[in-house]
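Asker: A predicted structure for the sequence below; I have some questions about it.
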Amino acid sequence: MAGSNTGVLTLGQAVPSLVRWGLSADADLVYRCLVSFGDQRAAEVAADLGLAARRVRVALDELVDAGLVQGGGPGPSHGVDAGSWRAVAPDAAVEAVRRRALRRLAPMAGAEPGGPRPGPAKGRLLPDLGATRRRIAQLVAVERGEHLAMNPEQVFTTDALTIGSAIDADLLRRRVRVRSLGRPPADGDRSSAYTAEFVRLGGEHRLAERLPYKMMIFDRRVALVAVDPLALDRGTWEFTDPAAVESLLTLFVRQWSGATDPRRNGVPTVVLTQREKAVVALLADGHTDATAAKHLGMSTRTLTYTLRGLMDRFGVENRFQLGLALGAMRAIMPPGPAGGEMAEGSER
């Protein structure tokens, strides 16, 4: 590792997914690197992640704009030789990206966060979860054509599942077209039984790795968007203005077109095979490629191919990035550096 700080991301450290909140994958990687390994210069981050200096510079600009990193040198362009960069704490990062998402949504509603309520021509604020649920019940009761739902949560409460299932059943029974867009479950459940049953009843269900908002669109006339998808008790924006609803509909269709049917797309990429778990666990314990392969009874070439397959599945470019990705999802302890034996693309 090229940086001056060494260590590994611990399983207890919760790092928010910046991609989920609209930041780039490069920004997400740079932030995780700084959180995991402490203050670093941009050149050290570039070397650790195996990214071009230009990409790190752009990512840092993005993180500065979002209020997620501090430091660096003066001027709008943060050169690779500028001062050290420091990531804000994960808890503060969550609040920052929430406020950022809310600022983006507020102009559509016709009001700034914390300001006066917008007029009914643009939108109105349903102040809490109870008001939101009552309004959903009213809108569902008169739906006749199409119900669209975008759910960025990976874990649902029993209460939410009970209410949601009842709504879906009622709509499908009345032959309303229901399209449900969600994310792969946090536990990596490989089953597509829910989707199969939902489709059997007439619904359509797809999964996407990241979704920007929690929202429902009713007959393309009314849209409800959660103020904060991680804290539903903070209220919901209701939009009836045709331009606002059309904008949200376009967003839903774009996310839907890039999502996958879990019945056809197989196992989500977050699920590791037993071989993959064993390989990464041994490397995390300090084994070299050779000793890990010997321990597992495989060739070093097979072990290298196993890691290469993991990197392809997670969309990362080297083993350091793979370690950050695995650690962020708390799948297993990420592999630490092991000198020459951990060099990218090694064959023995």
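Answerer: Cool, got the structure.

Asker: from here on, contacts and neighbour counts on C-alpha atoms
Answerer: OK.

Asker: Map the structural domains onto the sequence of the protein.
Answerer: The record's domain parsing of the chain by automatic domain parsing lists 1-107, 119-265, 272-348.

Asker: can I get the ones you listed in CSV with mean neighbour count and mean pLDDT?
Answerer: Below are those laid out as CSV (neighbours: other C-alpha atoms under 10 Å; pLDDT from 0 to 100):
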stretch, mean neighbour count, mean pLDDT
domain 1-107, 18, 72
domain 119-265, 17, 83
domain 272-348, 17, 69
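
Asker: Doesn't residue 287 belong to a strand?
Answerer: No. Read with DSSP: H, G, I helix; E, B strand; the rest coil, residue 287 is coil and lies in no strand.

Asker: where's it relative to residue 274, distance?
Answerer: The gap separating residue 287 from residue 274 is 17 Å, by C-alpha to C-alpha, to the nearest Å.

Asker: which residues does residue 35 contact?
Answerer: By C-alpha atoms under 8 Å, 6 or more residues apart in numbering, residue 35 lies in contact with 86-90.

Asker: Which of these fall in helices?
Answerer: Of those, the ones assigned to helices by DSSP state H are residue 90.

Asker: Can you tell me which of the contacts of residue 35 lies closest to residue 228?
Answerer: Relative to residue 228, the closest of the contacts of residue 35 is residue 90; by C-alpha to C-alpha it sits at 17.0 Å.

Asker: give me the element the nearest residue to residue 202 once chain neighbours are set aside is part of.
Answerer: Distances taken as C-alpha to C-alpha, 6 or more residues apart in numbering place residue 172 nearest to residue 202, at 6.3 Å, with adjacent residues excluded. If you go by DSSP states H and E, residue 172 is part of helix 158-173.

Asker: ok, now residue 30?
Answerer: Per DSSP H and E, residue 30 falls inside helix 25-37.

Asker: and that helix, C-alpha only, in PDB?
Answerer: The C-alpha coordinates for helix 25-37 follow below in PDB (Å, rounded to 0.1, in the frame of the first residue of the first chain):
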ATOM      1  CA  ALA A  25     -18.400   5.400  -7.500                       C
ATOM      2  CA  ASP A  26     -15.000   7.100  -7.500                       C
ATOM      3  CA  ALA A  27     -16.200   9.500  -4.800                       C
ATOM      4  CA  ASP A  28     -17.500   6.600  -2.800                       C
ATOM      5  CA  LEU A  29     -14.200   4.700  -3.000                       C
ATOM      6  CA  VAL A  30     -12.100   7.800  -2.100                       C
ATOM      7  CA  TYR A  31     -14.300   8.500   0.900                       C
ATOM      8  CA  ARG A  32     -14.100   4.900   2.100                       C
ATOM      9  CA  CYS A  33     -10.300   5.000   1.700                       C
ATOM     10  CA  LEU A  34     -10.000   8.100   3.900                       C
ATOM     11  CA  VAL A  35     -12.400   6.700   6.500                       C
ATOM     12  CA  SER A  36     -10.600   3.400   6.600                       C
ATOM     13  CA  PHE A  37      -6.900   4.500   6.600                       C
END
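
Asker: Next SSE downstream of it?
Answerer: Heading C-terminal from helix 25-37 (DSSP H and E), you reach helix 42-49.

Asker: Phi and psi next, for residue 38.
Answerer: For residue 38, the backbone dihedrals (degrees, to the nearest 10) come out as phi 80, psi -170.

Asker: for residue 207, same thing?
Answerer: Torsion angles at residue 207 (phi, psi; degrees, to the nearest 10) stand at phi -120, psi 140.

Asker: In this model residue 153 seems to touch it, though I could be wrong.
Answerer: No. Using C-alpha atoms under 8 Å, residue 207 makes no contact with residue 153, being 11.3 Å away.

Asker: Name whatever forms a beta bridge with residue 149.
Answerer: Per DSSP bridges, the residues bridged to residue 149 are residue 180, residue 216.
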